[in-house]
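Novice: quick one: sequence and predicted model below, then my questions.
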Amino acid sequence: MKRLIFCCILIALCMLGVVGAGAQESGEHGRLLLLREAKENEQGTTVAVETYLVDTVLEATVIVRMEAARPRIFNALVVGPKIGRVSSATKEVLDPTVEEEEPFPTTKRGGFISFGDREETKKAKGAVIKELIRFKLPADKIVAHEKKKYELWIKVQGIQRHKRIQSFAFVLEDLPEKLSQE
């Protein structure tokens with residue numbers, strides 16, 4: 001009798017796991033990964049971006065790490081041909097998690113004399129802020145252009161008043177093609 005009850009409970013738990021996994025897959029359906037990249041400048045500020053396209057909404061998780069100051073995201077824009085500058089529809093501050101994050105592919109600009117940007121995969125250090133920013137994109141205006149690209153601009157600043165604003169630009173490759181797939 002005990003074995004029968006144990007088997008029934010085990011089967012019920014397995015069924016719940018299968019149903020839960022199906023619900024997660026349907027929630028992830030429709031999300032296309034556009035970009036996962038980080039950039040670092042000479043001052044030691046690192047901005048990491050992970051963007052997804054959900055219908056006509058661009059979701060960007062932005063993680064900023066700054067040495068010697070606490071960072072804040074001053075502004076975020078999507079810039080491109082025919083749409084001009086699209087500001088964020090919503091911003092949501094996320095709690096930085098304690099668990100280890102996967103390292104981002106990071107591009108670091110060279111010094112005074114450089115022969116190009118260095119690219120490596122590494123974890124950033126310093127004080128952190130993490131935000132989820134959503135942009136409502138005008139799908140009818142986004143078109144492929146051979147010379148101009150769509151970019152995500154992130155402007156960050158230290159909380160102290162004397163800190164200057166630092167700009168980071170991320171190219172959103174294949175945005176028109178992926179938007180037409182939706």
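Specialist: Alright, I've got the coordinates.

Novice: check the gap between Ala169 and Val57 for me.
Specialist: 21 Å (C-beta to C-beta, to the nearest Å). Glycine gets a C-beta too; all of them are placed from N, C-alpha and C.

Novice: if you could redo that for Asp174, that was the one I meant.
Specialist: Separation of Asp174 from Val57 (C-beta to C-beta): 17 Å.

Novice: helices along the protein, start to end?
Specialist: In the chain, the helices defined using DSSP state H lie at 2-28, 175-181.

Novice: centroid residue for this protein?
Specialist: Nearest to the geometric centre of the chain sits Glu50, at 2.1 Å (C-alpha atoms, centre = their mean).

Novice: so that residue touches Thr61, yeah?
Specialist: Yes: shown here, Glu50 and Thr61 form a contact pair, counting by C-beta atoms under 8 Å, at 4.6 Å.

Novice: hmm, Pro138 is touching Ile83, no?
Specialist: Yes: using C-beta under 8 Å, Pro138 is in contact with Ile83, at 5.9 Å.

Novice: higher neighbour count, the two?
Specialist: More crowded of Pro138 and Ile83, by other C-beta atoms under 10 Å: Ile83, with 15 against 11.

Novice: how near is the closest residue to that one other than its chain neighbours to Arg85?
Specialist: Distances taken as C-beta to C-beta, 6 or more residues apart in numbering put Lys141 closest to Ile83, at 5.1 Å, once the chain neighbours are dropped. Using C-beta to C-beta, Lys141 is found at 12 Å from Arg85.

Novice: and Asp140, by the same measure?
Specialist: On the measure of C-beta to C-beta, Asp140 and Arg85 end up 17 Å apart.

Novice: ok, now Thr51?
Specialist: Counting by C-beta to C-beta - Thr51 and Arg85 are separated by 17 Å.

Novice: and for Leu32, nearest residue in space, chain neighbours not counted?
Specialist: Per C-beta to C-beta, 6+ apart, closest to Leu32 is Leu53, 4.5 Å.

Novice: wait, what's in contact with that neighbour?
Specialist: 31-32, 34, 59, 175, 178-179, 182 (C-beta atoms under 8 Å, 6 or more residues apart in numbering).

Novice: of all those, which two lie farthest apart?
Specialist: Arg31 and Leu175 (14.6 Å; C-beta to C-beta).

Novice: show me which of the two is the more surrounded one.
Specialist: Leu175 (23 against 12).

Novice: burial count for the nearest residue to that one once chain neighbours are set aside?
Specialist: Excluding its sequence neighbours, the residue lying closest to Leu175 (C-beta to C-beta, 6+ apart) is Tyr150, at 4.5 Å. The local packing of Tyr150 (other C-beta under 10 Å) involves 25 other residues.

Novice: I appreciate the help and will end here.
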